[in-house]
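Peer 1: Quick check, what structure comes out for this input:
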Amino acid sequence: MGHHHGHDHSHGANKKVLRISFIIITLYMIVEAAGGFLTNSLALLADAGHMLSDSISLGIALLAFILGEKAANYSKTYGYKRFEILAAVLNGLTLILIAIYIFYEAISRFQHPPEVASKGMLIIASIGLLVNIVVAWIMMRGGDVEENLNLRGAYLHVISDMLGSIGAIIAALLIIFFGWSWADPLASVIVAILVLRGGYFVTKSGLHVLMEGTPQNVDVEDVIQTIQNTKGIIGVHDLHIWSITSGLNALSCHAVVDDQMTIGESEQLLRSIEHELEHKNIHHMTIQLETSAHLHDNSILCNVEAAPAVHHHHHH
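Peer 2: Predicted coordinates:
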């Protein structure tokens with residue numbers, strides 16, 4: 001099983017990247033929040049709120065990696081890998097709440113724009129932009145921002161955070177040069193929209209995993225074809241594909257084989273299916289082989305309601 005090895009290597013790198021990013025972002029978030037209060041800028045406060053959500057998401061992601069390493073035991077046979085997904089959902093919901101709060105604040109500011117110390121705001125927002133660029137670069141270089149839902153979530157946060165800093169910089173410049181004090185709440189609303197959007201997508205993809213949805217990076221038709229086209233397989237039924245956590249997809253199914261097949265041949269058959277499916281993003285599979293005498297149910301997907309007693313063993 002060579003493919004677990006790569007998983008561990010990227011896992012260690014991801015954890016290190018998260019730790020560094022977490023420390024940088026958290027420290028700067030405190031600076032930016034203080035700056036927002038002192039300069040009276042909602043755009044800075046919104047950006048700090050965004051950074052707080054970054055910091056939370058990085059902290060949760062870090063905790064998830066650490067907890068995810070805890071070994072599987074009898075009460076949690078997959079270990080603690082799902083914690084990562086729960087963390088992502090929690091983080092998404094936090095973002096949505098922060099966004100709503102910023103909208104609420106911005107409305108009253110549009111009506112009565114307060115004085116903003118625009119030069120201080122400009123300086124703090126500029127440093128914030130640099131901090132985000134550095135963190136995004138560290139993540140791109142050292143971590144797996146494509147496949148790992150957790151790290152990807154944190155990375156997307158940092159990217160939209162950059163946009164938040166850019167918004168605050170533009171707002172500060174507009175206030176300095178044109179005295180447009182409404183630019184500050186406007187920038188904060190734009191940041192809030194980004195925060196809301198991020199929160200929605202993170203929550204949605206996390207819930208999809210918790211609902212045992214089919215992983216986005218798996219083509220079910222393709223998987224069924226692959227199994228059915230394997231020499232010796234007559235049919236497939238009761239197929240389930242789900243994610244345990246990001247980057248770890250599981251499959252279970254029943255495969256009907258030729259009655260004449262020997263044990264040795266069926267072992268070979270399983271090996272070749274496993275090998276094929278590994279290339280299709282399936283990392284963990286349980287395939288029950290049976291002869292055509294079992295062919296009482298031809299549906300590819302498990303038909304739980306029809307025969308709860310027969311299919312009881314399918315619930316993970």
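Peer 1: can you count the residues close to D258?
Peer 2: For D258, the count of nearby residues is 14 (other Cβ atoms under 10 Å). For every residue, glycine as well, the C-beta is placed using N, CA and C.
Peer 1: Remind me what the lengthiest helix in the chain packs against, helices and strands.
Peer 2: If you go by DSSP state H, the chain has its longest helix at helix 3-39. The contact analysis (3 or more Cβ pairs under 8 Å, 6 or more residues apart in numbering; DSSP states H and E) places helix 3-39 against helix 42-68, helix 118-142, helix 149-178.
Peer 1: The ones you listed into TSV, with extra columns for mean pLDDT, mean neighbour count and distance to T291?
Peer 2: Shown next, in TSV, are the helices and strands packed on helix 3-39 (pLDDT from 0 to 100; neighbours: other Cβ atoms under 10 Å; distance: least, Cβ to Cβ, whole Å):
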stretch	mean pLDDT	mean neighbour count	distance to T291
helix 42-68	79	25	39
helix 118-142	89	19	50
helix 149-178	83	23	40
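Peer 1: how about those helices in JSON lines, adding distance to I282?
Peer 2: Listed next are the helices and strands packed on helix 3-39 as JSON lines, based on distance: least, Cβ to Cβ, whole Å:
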{"stretch": "helix 42-68", "distance to I282": "19"}
{"stretch": "helix 118-142", "distance to I282": "27"}
{"stretch": "helix 149-178", "distance to I282": "17"}
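Peer 1: who wins for proximity to L239 among those?
Peer 2: helix 149-178 (23.1 Å; Cβ to Cβ).
Peer 1: so what does the helix or strand that that closest one is followed by touch, helix or strand wise?
Peer 2: Note on helix 149-178: by DSSP states H and E, the next helix or strand toward the C-terminus is helix 183-210. Helix 183-210 sits against helix 42-68, helix 83-111, helix 149-178, strand 233-245, with contacts defined as 3+ Cβ pairs under 8 Å, 6+ apart.
Peer 1: and of the ones you listed, who's closest to F22?
Peer 2: The nearest among the helices and strands packed on helix 183-210, by Cβ to Cβ, is helix 42-68 at 4.0 Å.
Peer 1: Find out how far that closest one is from the centre of the chain, if you would.
Peer 2: On the basis of Cα atoms, centre = their mean, to the nearest Å, helix 42-68 is displaced by 13 Å from the centre of the chain it belongs to.
Peer 1: Over to stretch 249-263?
Peer 2: From the chain centre to the centre of stretch 249-263 is a distance of 33 Å (Cα atoms, centre = their mean).
Peer 1: Check which residues of it are buried.
Peer 2: Using 16 or more other Cβ atoms under 10 Å as the burial criterion, the residues of stretch 249-263 that qualify are 249-257, 261.
Peer 1: Contacts only, for the closest residue to E212 other than its chain neighbours.
Peer 2: For E212, ignoring the flanking residues on the chain, the nearest one in space by Cβ to Cβ, 6 or more residues apart in numbering is W242 at 4.3 Å. Contacts of W242 were listed using Cβ atoms under 8 Å, 6 or more residues apart in numbering, and they are 209, 212-215, 249-250, 316.
Peer 1: Bridged to W242, which residues?
Peer 2: On the basis of DSSP bridges, W242 is bridged to A250.
Peer 1: measure it to S252 for me?
Peer 2: W242 is 9 Å from S252, where distance means Cβ to Cβ, to the nearest Å.
Peer 1: Can you give me the separation between the closest residue to L196 other than its chain neighbours and G164?
Peer 2: Spatial nearest neighbour of L196, excluding adjacent residues (Cβ to Cβ, 6+ apart): A99 at 3.8 Å. A99 is 12 Å from G164, where distance means Cβ to Cβ.
Peer 1: same question, G142
Peer 2: As judged by Cβ to Cβ, G142 and G164 stand 23 Å apart.
Peer 1: One more: L129?
Peer 2: In terms of Cβ to Cβ, L129 sits 9 Å off from G164.
Peer 1: do V134 as well
Peer 2: To G164, V134 is 16 Å away according to Cβ to Cβ.
Peer 1: Next: I193.
Peer 2: Using Cβ to Cβ, I193 is found at 10 Å from G164.
Peer 1: Check I23 too.
Peer 2: I23 sits 20 Å away from G164, going by Cβ to Cβ.
Peer 1: And for F65?
Peer 2: Distance, F65 to G164, by Cβ to Cβ: 26 Å.
Peer 1: same check, this time on I20
Peer 2: Taking Cβ to Cβ as the criterion, I20 is separated from G164 by 21 Å.
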